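[1] quick one, structure for this:
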Amino acid sequence: MVKMGKSGAKNKFKNRFSKSKDFHQRECQECGESFLLGVNSNLPKFCCHKCRRSFNSRVKNQKGRVKRKRDYIQDINPRILFKRDKGICQICRKKIDINKKWPDMESATIDHIITLHNGGKNSYENVQLTCLRCNDQRNRDDQMEQNK
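    Residues are numbered from 1 along each chain as shown. As a prediction, this is how the structure comes out:
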């Protein structure tokens, strides 16, 4: 499905590109939806401002956490992780619905195998896809071990 934004913008967009072949289809880096982009445009990796803000906010948060530790920074894209792990929680082995959002306990989360606090790296080799329920339980177990 090709996303074209609001109806007014959709009509302008259609008129602008309908007679021209100067456009191509691209996949949004954040949500994975397809959208049309002008060939000469250097712009969007994203289909809308909401996706751009979501991506920038997530990356800023990741970089802030990792910078405090003065460690290696690699952008972890949840969509790529979801495809790599085939949409399955790596702890309970249940199928995860990518459309469910926090605070739903079946929502997808990124789990660091070796936590950043314990010296783990923020890289694809050290992360796995987990459901929020398993990630929360694992975090609680780790905190209990540290308090002993």
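[2] phi first, then psi, for the residue nearest in space to the middle of the chain.
    Using Cα atoms, centre = their mean, the residue of the chain that lies closest to the mean C-alpha position is Pro78, 3.2 Å off. Dihedral pair for Pro78: phi -60, psi -30, per degrees, to the nearest 10.
[3] equivalent analysis for Phe55, please.
    phi -60, psi -50.
[4] neighbours of it, how many?
    19 (other Cβ atoms under 10 Å). Just so you know, the C-beta spots here come from the backbone N, C-alpha and C atoms, and that holds for glycine as well.
[5] look at it and report its pLDDT.
    Looking at Phe55, its pLDDT reads 78.
[6] these two touch, right, it and Gln29?
    Yes - using Cβ atoms under 8 Å, Phe55 is in contact with Gln29, at 6.4 Å.
[7] show me the strands in the protein, by range?
    Secondary structure of the chain (DSSP state E): strands at 2-3, 23-27, 34-38, 108-112, 127-131.
[8] highest average neighbour count across those?
    Sort the strands of the chain by mean neighbour count, taking mean count of other Cβ atoms under 10 Å, and strand 127-131 sits at the top with a mean of 23.
[9] quick one: it to chain centroid distance?
    12 Å (Cα atoms, centre = their mean, to the nearest Å).
[10] and what of stretch 83-93?
    15 Å.
[11] what sits against Asn77?
    By Cβ atoms under 8 Å, 6 or more residues apart in numbering, the contact set of Asn77 is Gln29.
[12] kindly apply the preceding question to Met105 instead.
    Counting by Cβ under 8 Å, 6+ apart, Met105 makes contact with 131-133, 136.
[13] cool, and Arg26?
    The neighbours of Arg26, taking Cβ under 8 Å, 6+ apart as the test, are 34-37, 44-45.
[14] the strands of the chain: lowest mean pLDDT?
    Among these, strand 2-3 carries the lowest mean pLDDT, a mean of 49.
[15] shaky segments in this protein?
    For the chain, the stretches flagged by pLDDT under 70 are 1-22, 38-44, 62-73.
[16] show me how it divides into domains.
    Structural domains assigned to the chain are 2-38, 73-147, following automatic domain parsing.
[17] appreciated, that's everything.
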